[in-house]
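S.K.: prediction below, plus the sequence it came from.
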Amino acid sequence: MSFVVRPADPADAEQLTRLAEAVSAEPEGWLISTGGEWRSVGEERRYLKALRRYPHAAVYVAERDDGALIGRLSIARDQHPASLHVADLGLMVAKDARRQGVGRALLDAAGEWARGVGVRKLELHVFPWNEAAIALYEAFGFEREGYRKAHYHRGGEDVDAILMAYRVA
Ligand SMILES: CC(C)(COP(=O)(O)OP(=O)(O)OC[C@H]1O[C@@H](n2cnc3c(N)ncnc32)[C@H](O)[C@@H]1OP(=O)(O)O)[C@@H](O)C(=O)NCCC(=O)NCCS
């Protein structure tokens, strides 16, 4: 499989929404969600459009050579003046495209973005049962920084999350 990683375009909204819906629907529950639906195509399009004028956040996609979008990474820097050097990220890869280097390539793009805007630390939360994601992050160089007990509400209960971070070299 060959693919490229590039900044998301508003025209990607439809495909990205379908990707997020598919990954959110996986029974293991990988993603930290806002509790209900993923954002609509229109909301995703507006968000991607707004990013063009907003330097503090970015979305990258992995596009397969047949045009399918098989991965999405979003990153946004902290707004507090004392932690402007920190950015939080989230990512997902389509089920049939996993274990082929897409996640790692998206993290590389996040690192490049961070260097470009002066972000020195990337952080993320991952559910303790998400062994694939934890393996990816550790292989990339993320370290466990903390364990957040009952930190996220999902499926009617409050669940734990691991806080991981990466120093941008
Ligand atoms: C986690 C996820 C993003 C990984 O993406 P991916 O494209 O499959 O990852 P890569 O192919 O780039 O993997 C890079 C390395 O990470 C590790 N890794 C990734 N998936 C793994 C798995 N299932 N088991 C063990 N190690 C794994 C390996 O070290 C791998 O290198 P290798 O294949 O050369 O051994 C993907 O599984 C996914 O989208 N899952 C559902 C959504 C999700 O969990 N998002 C993250 C929420 S915090």
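M.R.: Cool, got the structure.
S.K.: which SSE is the closest residue to the ligand within the chain in?
M.R.: Nearest residue of the chain to the ligand, counting by CB to the nearest ligand atom: Gly103, 2.6 Å away. C-betas here are computed from N, CA, C, even on glycine. Assigned by DSSP states H and E, Gly103 belongs to helix 102-117.
S.K.: quick one: mean pLDDT over the next helix or strand after that helix.
M.R.: Under the assignment DSSP H and E, the closest C-terminal helix or strand after helix 102-117 is strand 121-126. Taken as a whole, strand 121-126 has a mean pLDDT of 98.
S.K.: what sits up against the helix or strand following strand 121-126?
M.R.: Downstream of strand 121-126, the next assigned helix or strand under DSSP H and E is helix 131-140. Helix 131-140 is contacted from outside by 30, 98, 103-104, 107, 124, 126, 162, 164, 166, using CB atoms under 8 Å, 6 or more residues apart in numbering.
S.K.: switch the cut-off to 10 Å
M.R.: 28, 30-31, 91-93, 98-99, 102-104, 106-108, 110-111, 122, 124, 126-128, 130, 142-144, 162, 164-166 (CB atoms under 10 Å, 6 or more residues apart in numbering).
S.K.: rewinding a little: tally of neighbours for the residue of the chain closest to the ligand?
M.R.: Per other CB atoms under 10 Å, the neighbour tally for Gly103 reads 24.
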